[in-house]
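Participant: need coordinates for the below:
(one chain, ligands or ions: 1)
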Amino acid sequence: MDMKIGVIKGDGIGPEIVDEAMKVLDRTAEAYGHSISYTQLLMGGASIDVNGVPLTDETLGQAKKSDAVLMGSIGGDAKTSPWYKLEPSKRPEAGLLQLRKGLNLFANLRPAVLYEELKDACPLKKEIADQGFDLMIMRELTGGLYFGKRSTEPVDGVMTARDELTYNENEIRRIAKRAFDIAMKRRKKVTSVDKANVLDSSRLWRKVVEEVAQDYPEVELEHMLVDNCAMQLVKDPAQFDVILTENMFGDILSDEASMVTGSIGMLASASLNETKFGLYEPSGGSAPDIAGKGIANPIATILSAAMMLRFSFDLDEEASAIERAVESVLRDGYRTIDIMSEGMKQIGTKEMGDRICSYISRQ
Ligand code: NAD
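Facilitator: Numbers count the residues shown, from 1 in each chain. A predicted model of the protein is given here:
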């Protein structure tokens, strides 16, 4: 397969971690007989330095022409970086919002995996951590409360604020389909999270998800109220496979799920649109405090690249080869500083990338 990948290395540790992910992609392509062409794109602070704005129309156009985009992270230290003296719409983060909007990325996927070798970092009780977990949160990204009409005005002489939560059936259907498709590639279970005992939008959500489920008879569907889901994530996370939910609930639950893994440097993410296109990036930021030191953990970006192979290119075997290589490196005791523990071997960003490459093989 020929893959056209847009690459946004970004700011801070971005270039360091993306270089390792590209190395791993190249090694995987070599092992499986694919070819990859990369187009370097400037976004965030790196684009401000060259173009004066965090994202140009030309860059957005190039991103659209790619099959998928791999991204590091953008932004700098808000206290010291000159980027933060600019007005908010010209700062690095504005470029990311424009990119997401311009690419119509409506589905955000965040896996939360507790690796056997990193169980000690899990803040949950030992008997819960011992069971491990491997779940995927699928959050609707372009609708709901964050995009509804809002106002603050006096009503009958009392200052009153209002935020509107709207979903139409098409918005629900397209993300539900995505969640079921992804469950088919996993353990075939979808937990749809809502607040259907109170909200009309949740009742419509439930109805549409049930309709979509008819087309996926192999996938088990359950509904869960969001308050219960927040409890279950810390009580019994092993019960979940794919959690499907709307924008605000997903915002909160995905942060909760990533915290229970205890290792943010390990967490990948993907944002998808209606085609096979996706933007793949680590969950963490640009870590300006450690940029340029060669110590950043590249694993979240490498696992994001694996997600790209699986979801944008349907290369499941190749994605699994990368995931297996990451597990092997951890099993052999290699750690970057952020996941270091007693008795393990501490290595830097490049060595982590090299070691992961050395474990990649066709099965
Ligand atoms: P951060 O995630 O960059 O850093 C938080 C802590 O985690 C730091 O101590 C950092 O050293 C550590 N860390 C993060 N990633 C790591 C990695 N791969 N390996 C080892 N350690 C790692 O969060 P922050 O400090 O709040 O934000 C820094 C900048 O990143 C800000 O400008 C923020 O806006 C930006 N940011 C960008 C994105 C994105 O590009 N999607 C996401 C979040 C934050």
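
Participant: let me see the contact set for the closest residue to Arg91 other than its chain neighbours.
Facilitator: Nearest-residue entry for Arg91: Trp83, 5.7 Å, with adjacent residues in sequence omitted and distances by Cβ to Cβ, 6 or more residues apart in numbering. Heads up, the C-betas are built off the backbone N, CA and C, glycines and all. Neighbouring residues of Trp83 by Cβ atoms under 8 Å, 6 or more residues apart in numbering: Gly45, Ile48, Gly75, Gly76, Arg91, Pro92.

Participant: need the mean per-residue confidence for stretch 181-199.
Facilitator: When pLDDT is averaged over stretch 181-199, the result is 96.

Participant: the ligand next: which of the contacts of Trp83 are close?
Facilitator: Among the contacts of Trp83, the ones lying near the ligand by Cβ under 6 Å from any ligand atom are Gly75, Gly76.

Participant: backbone phi and psi for the closest residue to Pro54 other than its chain neighbours, please?
Facilitator: Using Cβ to Cβ, 6+ apart and skipping residues adjacent in sequence, the residue nearest Pro54 is Gly95, 2.8 Å away. The phi/psi pair for Gly95 (degrees, to the nearest 10) reads phi -60, psi -40.

Participant: could you double-check that Gly95 sits in contact with Leu42?
Facilitator: No. Gly95 is beyond contact range of Leu42, at 9.1 Å (criterion: Cβ atoms under 8 Å).

Participant: and those two? Which one has more around it.
Facilitator: Higher neighbour count among Gly95 and Leu42: Gly95, with 28 against 21, using other Cβ atoms under 10 Å.

Participant: could you check how far the more buried one is from Asn247?
Facilitator: Computed with Cβ to Cβ, to the nearest Å, the distance linking Gly95 and Asn247 is 21 Å.

Participant: ok, now Tyr32?
Facilitator: The separation that Tyr32 has from Asn247, given Cβ to Cβ, amounts to 36 Å.

Participant: return the residues of the stretch 251-363 of the chain in contact with the ligand.
Facilitator: Within the stretch 251-363 of the chain, the positions adjacent to the ligand are 265, 281, 284-290, 296-297, 300, 338 by Cβ under 6 Å from any ligand atom.

Participant: among these, which pair sits farthest apart?
Facilitator: Farthest pair in those (Cβ to Cβ) is Glu281 and Asp289. Separation: 19.1 Å.

Participant: give me the buried entries from the residues of the stretch 251-363 of the chain next to the ligand.
Facilitator: Gly265, Glu281, Gly284, Gly285, Ser286, Ala287, Pro288, Ile290, Ala296, Asn297, Ala300, Asp338 (16 or more other Cβ atoms under 10 Å).

Participant: where does the fifth one land in three-state SS?
Facilitator: Secondary structure assignment for Ser286 (DSSP: H, G, I helix; E, B strand; the rest coil): coil.

Participant: not counting sequence-adjacent ones, nearest residue to it?
Facilitator: Of all residues not flanking Ser286 in the chain, Gly12 sits nearest, at 2.9 Å (Cβ to Cβ, 6+ apart).

Participant: wait, that neighbour sits on Ser73?
Facilitator: Yes. Contact criterion Cβ under 8 Å: Gly12 and Ser73 qualify, at 6.4 Å.

Participant: common neighbours of the two, please.
Facilitator: Counting by Cβ under 8 Å, 6+ apart, the common neighbours of Gly12 and Ser73 are Gly285, Ser286, Ala287.

Participant: name the nearest of the residues you listed relative to the ligand.
Facilitator: Ranked by distance to the ligand (Cβ to the nearest ligand atom), those are led by Gly285 at 2.5 Å.

Participant: surely the closest one meets Gly10?
Facilitator: No. With contact defined as Cβ under 8 Å, Gly285 does not reach Gly10; the gap is 9.7 Å.

Participant: what touches both of those two?
Facilitator: Jointly contacting Gly285 and Gly10 under the rule Cβ under 8 Å, 6+ apart are Ser73, Gly75.

Participant: in the stretch 251-363 of the chain, which spans are strands?
Facilitator: With DSSP state E, counting those that start in this stretch as the criterion, the stretch 251-363 of the chain has strands at 268-272, 278-282, 334-335, 345-346.

Participant: most neighbours per residue, which of the ones you listed?
Facilitator: Each of these was scored by mean neighbour count; the highest is strand 278-282, a mean of 27, by mean count of other Cβ atoms under 10 Å.

Participant: report all helices and strands that that one contacts.
Facilitator: Applying 3 or more Cβ pairs under 8 Å, 6 or more residues apart in numbering; DSSP states H and E, one finds that strand 278-282 contacts strand 68-73, strand 268-272, helix 299-313.

Participant: JSON lines please, covering those and showing mean pLDDT and distance to Val158.
Facilitator: Output for those, formatted as JSON lines (pLDDT from 0 to 100; distance: least, Cβ to Cβ, whole Å):
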{"stretch": "strand 68-73", "mean pLDDT": "97", "distance to Val158": "43"}
{"stretch": "strand 268-272", "mean pLDDT": "95", "distance to Val158": "40"}
{"stretch": "helix 299-313", "mean pLDDT": "97", "distance to Val158": "47"}
